[in-house]
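Asks: pasting the sequence and the predicted coordinates here, then a few questions.
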Amino acid sequence: MSPSRSKFHPLATAALLCASTAWAQSTPQTVVVTGNPLGRDSLAQPASVLSGAGLSVRRAGTLGETLDGLPGVAASGFGPNSSRPVIRGLDGDRVRLLDNGGASVDASSLSFDHAAATDPLVTERIEVLRGPAALLYGGSATGGVVNSIDNRIPRAPATGLSGRAELRLGGAAAERSGAAVLEGGAGRWAWHADVFGRRANDLRVPRYTPVEDGTELDPTERVRNSASRSSGGAVGGGWVSDRGYLGASVETSRNRYGVTVEPDVFIRMQRDRLALAGEWRALPGPLTQITAQASHTRYQHEEVEGSGAVGTTFKSSGDDLRLQARHAPLGPLTGVVGLQTENMDFSALGEEAFVPGTRTRSAALFALEEMNAGPAVLGFGARLERVRVASEGDAPDATELRFGAATERRYSPRSAALSARVGGDQGWQASVSAGHTERAPAYYELYADGVHIATAAYERGDPTLPVERSRHAELGLGWTSGPHHVKASLFSTRFSRFISLDATGVDIVVPGEAGEPDSLVPEYAFRAVRARLQGFEFDGRTRVMGAAGAGLALDLTAGLDGVHGDNLDSGEPLPRLAPLRLRAGVEAQGAGWRLGLGVRHDARQRRVPATDTATPGHTRVDLWASGDLPLGNQTTWFAKLANLGDTLAYNAATIATMRGLSPAAGRALTVGLRARF
């Protein structure tokens, strides 16, 4: 199938939007601390924040589904249990997942059917940085950063005992979930403890005909083998004061979920993590603030077959260390310098081990600086890395030789960025940024050699791959006045080397098991190609009636975003890009209650490579409400009726082998209680 021509051009569309009077949905104006150590608008980084009631309404079983629909953010969606964020058309090792600013070690970037280890149920706040954030977090943040924040290491003094709890019931998977947090302290000491659990049935969807390997199955209203259960908890504590903190936490999580593409297989996942963190502020001398954090994570992921036998076991062990210091002003300059190191050991044992055991080591130095230049604030930064990726090759007792002898690659990625911004918190603001980002290839891009069941393909890495290189530019314009605000941005990223997984046109013979006939699977190879991504984001809010806390207040919201990507070597569109998306809504609030209605339209995605098919467009309507209960404490109820019209919807950002098996959830009601004391 040849790709259809696009019916919109991002730059032209965004220019029209900037001249229009439409308003768009936005997140609260909250300071983002993760990607902006110099301030909220440092390096002109577009950002979204979810916390409080806004997070409770959006909270879902996966991180990707929770964030899907934020400006520029989609979800990969390999069934309802495996979904990573996709930012501005980039996913996998180009979107960095963090836990409290530290590395989140799992195997979710290796394969679409591997769930991210972060569970949104106990997360207090999620920050999403859109666009390259490689200066702080390396080349794996080329697309952006998602940081999940909790209070497992206390950062502020606590007195007495406090806590919160949340209970959720319903939804399209008949979910039963809950979380509880207890915190306390005395004097200079504070502690934290939390626990969470979730159970869900097979996802209910509008009646559809599943398509597997091009064959239509019997119509159904359930996504097969999509039930799940998860649990976990953490304890932490430490010393706190008004000038800093020092503490530690230990956490564990377990997840068991079905793999829709394989009806008799489920995944058993566990992660254990030890984290240390500290900060010292208002220091005398050249360094006024020092922040340090470190973590050690052990991750295991078993793919269990219907007989109960473990087919493949994936293991990762990772350590990360980050030191960041803010220096005293040097004339007009203020800024931070930092050091970051990461180590990860990966192994895969079993019949689906298409990647050998590997070791990845990286170390980096970075600096970000700002200076006032009349009405403008100028920002600039740089990062230097050293990355070593080693393969252990074939095991000595291997019966099938695929990975060859042990080998190693070394890389020296370099990244830099410039920015300028004018305006303040109220009135007009404008920003411009440009930068150069480099990313070392991931271990599987270098050394994969085998059948990958999730992609239904034989994936072949290339150990000669160079660093991935890109240049980006972005323009931003915004206006804020009290409860009214609007923001628009245009972005363009051009890759001189984009590591892409492309079909070679060769079919590989795969021997059958237990007397079954041999099969043919297409070969896909990782290659460095030229590519371009460009797009826009537009969002905001306006109040048309009243004021919050003083009678009825009524807000209107709307938003529009789109991304256009091309493989410049092949002339085809890049795969798995979200289509043009339109959002509109109305929110009302009064004394102790809130009510909202939202409409989201995803256009038909016609721009696909020859190996994919177009994804139909769809429109979904959601209703939600929340209110306070007269129980003498901070107890609220909330309810959400999702997909009011029971619309059948497919996700264009999902890999083609899964898209026809797992549409979006059907009409469903979720209710819950949230309490604080």
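Replies: Alright, I've got the coordinates.
Asks: make it CA atoms for all contacts and neighbour counts henceforth
Replies: OK.
Asks: the stretch 551-677 of the chain: strands as residue ranges?
Replies: Taking DSSP state E, counting those that start in this stretch to define them, one finds strands in the stretch 551-677 of the chain at 572-573, 581-590, 593-602, 618-628, 634-642, 668-676.
Asks: run a quick neighbour tally on residue 393.
Replies: 19 (other Cα atoms under 10 Å).
Asks: residue boundaries of the helices in the chain?
Replies: Listed in chain order, the helices found in the chain under DSSP state H are 10-19, 52-58, 63-67, 134-137, 443-447, 656-659.
Asks: pull the helix or strand with minimum mean pLDDT from the protein.
Replies: Of all the helices and strands that make up the chain, helix 10-19 has the lowest average by mean pLDDT, DSSP states H and E, namely a mean of 35.
Asks: re the thing from before, out of the strands of the stretch 551-677 of the chain, which gets nearest to residue 269?
Replies: Residue 269 lies closest to strand 668-676 among those, at 26.3 Å (Cα to Cα).
Asks: residue 530 contacts residue 500, doesn't it?
Replies: No: between residue 530 and residue 500 there is no contact under Cα atoms under 8 Å: 9.4 Å.
Asks: re earlier: redo the strands of the stretch 551-677 of the chain as JSON lines? Include mean neighbour count.
Replies: Supplementary listing: the strands of the stretch 551-677 of the chain in JSON lines, determined by neighbours: other Cα atoms under 10 Å:
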{"stretch": "strand 572-573", "mean neighbour count": "21"}
{"stretch": "strand 581-590", "mean neighbour count": "20"}
{"stretch": "strand 593-602", "mean neighbour count": "18"}
{"stretch": "strand 618-628", "mean neighbour count": "18"}
{"stretch": "strand 634-642", "mean neighbour count": "19"}
{"stretch": "strand 668-676", "mean neighbour count": "19"}
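Asks: and the ones you listed: which comes nearest residue 150?
Replies: Of all the strands of the stretch 551-677 of the chain, strand 668-676 sits nearest to residue 150, with 15.5 Å by Cα to Cα.
Asks: so of the helices of the chain, which one's packed in deepest?
Replies: Neighbour counts (mean count of other Cα atoms under 10 Å) averaged over each of the helices of the chain peak at helix 134-137, with a mean of 27.
Asks: end-to-end on stretch 203-218?
Replies: 16 Å (Cα to Cα, to the nearest Å).
Asks: burial count for residue 401?
Replies: Residue 401 is flanked by 12 other residues according to other Cα under 10 Å.
Asks: in space, what's closest to it - neighbours in sequence excluded?
Replies: residue 394 (6.2 Å; Cα to Cα, 6 or more residues apart in numbering).
Asks: quick one, phi psi at that neighbour?
Replies: Torsion angles at residue 394 (phi, psi; degrees, to the nearest 10) stand at phi -70, psi 140.
Asks: okay, now it: neighbour count?
Replies: By other Cα under 10 Å, the residues close to residue 394 number 18.
Asks: so residue 573 sits right up against residue 563, yeah?
Replies: No: taking Cα under 8 Å as the definition, residue 573 is not a contact partner of residue 563, at 11.1 Å.
Asks: count of residues packed around the closest residue to residue 350 other than its chain neighbours?
Replies: Leaving aside its sequence neighbours, residue 350 sits nearest to residue 312 (Cα to Cα, 6+ apart; 4.1 Å). When neighbours are counted by other Cα under 10 Å, residue 312 registers 17.
Asks: distance check, residue 312 against residue 516.
Replies: 20 Å.
Asks: coming back round to it: beta-bridge partners for the residue nearest to residue 350, please?
Replies: Judged by DSSP bridges, the bridge partners of residue 312 are residue 303, residue 350.
Asks: these two touch, right, it and residue 355?
Replies: No: using Cα under 8 Å, residue 312 is not in contact with residue 355, being 11.4 Å away.
Asks: overlap in contacts of the two?
Replies: Contact criterion Cα atoms under 8 Å, 6 or more residues apart in numbering; residues shared by residue 312 and residue 355: residue 348.
Asks: quick one: residue 322 and residue 337 touch, right?
Replies: No: counting by Cα under 8 Å, no contact exists between residue 322 and residue 337, whose distance comes to 10.9 Å.
Asks: which intervals of this protein have sub-threshold pLDDT?
Replies: Along the chain, the parts satisfying pLDDT under 70 run over 1-45, 454, 513-515, 547-550, 632.
Asks: where is the longest strand in it?
Replies: Assignment by DSSP state E gives strand 519-547 as the longest strand of the chain.
Asks: in its sheet, what does it sit against?
Replies: Sheet pairing for strand 519-547, assigned by DSSP bridges, gives strand 457-460 (parallel), strand 484-510 (antiparallel), strand 550-567 (antiparallel).
Asks: nearest to residue 385, of the ones you listed?
Replies: strand 484-510 (17.8 Å).
Asks: and that closest one, how far out from the chain middle?
Replies: Centroid displacement of strand 484-510 relative to its chain, using Cα atoms, centre = their mean, to the nearest Å, is 16 Å.
Asks: what's the answer for stretch 113-131, then?
Replies: Worked out by Cα atoms, centre = their mean, stretch 113-131 lies 6 Å from the chain centre.
Asks: taking the centroid of this structure, which residue is nearest it?
Replies: For the chain, the residue nearest the mean C-alpha position is residue 85 (3.3 Å; Cα atoms, centre = their mean).
Asks: and that one, bridged to which residues?
Replies: Going by DSSP bridges, residue 85 is paired in beta bridges with residue 75.
Asks: against residue 662, how distant is the closest residue to residue 669 other than its chain neighbours?
Replies: Nearest non-adjacent residue to residue 669, counting by Cα to Cα, 6+ apart: residue 641, 4.5 Å away. In this view, residue 641 and residue 662 are 20 Å apart by Cα to Cα.
Asks: off-centre distance for the longest strand of the chain?
Replies: 12 Å.
Asks: buried sites along that strand?
Replies: Across strand 519-547, burial judged by 16 or more other Cα atoms under 10 Å covers 521-543.
Asks: state the distance from the nearest residue to residue 110 once chain neighbours are set aside to residue 346.
Replies: In this structure, residue 110 finds its nearest non-sequential neighbour in residue 444, 6.9 Å apart by Cα to Cα, 6+ apart. Noted for residue 444: a distance of 10 Å to residue 346, by Cα to Cα.
Asks: same question, residue 226
Replies: Distance of residue 226 to residue 346, computed by Cα to Cα: 27 Å.
Asks: what about those two, which has more around it?
Replies: More crowded of residue 226 and residue 346, by other Cα under 10 Å: residue 226, with 24 against 21.
Asks: for that one, give its distance to residue 654.
Replies: For residue 226, the distance to residue 654 - Cα to Cα - is 16 Å.
Asks: quick one: distance of stretch 264-279 to the chain centre.
Replies: Centroid displacement of stretch 264-279 relative to its chain, using Cα atoms, centre = their mean, is 16 Å.
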